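>>> coords please:
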Amino acid sequence: MNEIEELFLEGARLLTLKNFDKALEFFNQVLSLKPQHIKALEARAVIYLQKGEIELAEKDLKLALNLEPENARLYYRLGQVYYRKKDLDQALELFTRAIELDPTYTASYMARSQVLRDKGLEEAADLELDKAVSLYRELAKAKKIVDF
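As a prediction, the model looks like this:
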């Protein structure tokens, strides 16, 4: 394993422990060595979101999306940024794009449900939540079959 990946993995470990400041140091090191490291950009954006540094999160996610425009997870994360900025229309568009790229991305359905609920569209929100639950069940069943 190379130095960049070791730094990234340590940052990821610290992030799972919610040690955001220390994890941020590792992701910054990764990005100083490889500025286009998509996963480090995304992880750093997650930390910025946790710390309420919305503009920094948005900047990292937009950079990552320029590098990898077909990454559903990045659209989902950017949707979270716009949701936090209270731009519900843009958040809805981004969550929808994430679903278009990955129709099995249950978190995007759940996020889209929340946006619709916030917009006062209760029935549409319930439908999205039902899709998320149904999809989650199907994925769990498929995993059982594969893992038997």
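
>>> Between the two ends of stretch 11-20, how far is it?
By Cα to Cα, to the nearest Å, the extent of stretch 11-20 from end to end equals 9 Å.

>>> tell me the mean pLDDT over it?
Per-residue pLDDT values across stretch 11-20 average out to 94.

>>> Let me see the residues that make contact with the helix or strand containing L61.
For L61, the enclosing helix or strand under DSSP states H and E is helix 54-67. With Cβ atoms under 8 Å, 6 or more residues apart in numbering as the test, helix 54-67 has contacts from 36, 38, 41-42, 44-46, 48-49, 71, 74-75, 77-78, 81, 84-85. No exception for glycine: its C-beta is placed from N, CA and C like everyone else's.

>>> List buried residues within those.
Burial by neighbour count, judged by 16 or more other Cβ atoms under 10 Å, picks out 38, 41-42, 44-46, 48-49, 71, 74-75, 77-78, 81 from the contacts of helix 54-67.

>>> which one among those residues gets closest to Y109?
Y75 (13.1 Å; Cβ to Cβ).

>>> Quick check: the gap between the closest one and T16.
23 Å (Cβ to Cβ, to the nearest Å).

>>> what are the ranges of the helices in the protein?
3-16, 20-33, 38-50, 54-67, 72-84, 88-101, 106-118, 122-147 (DSSP state H).
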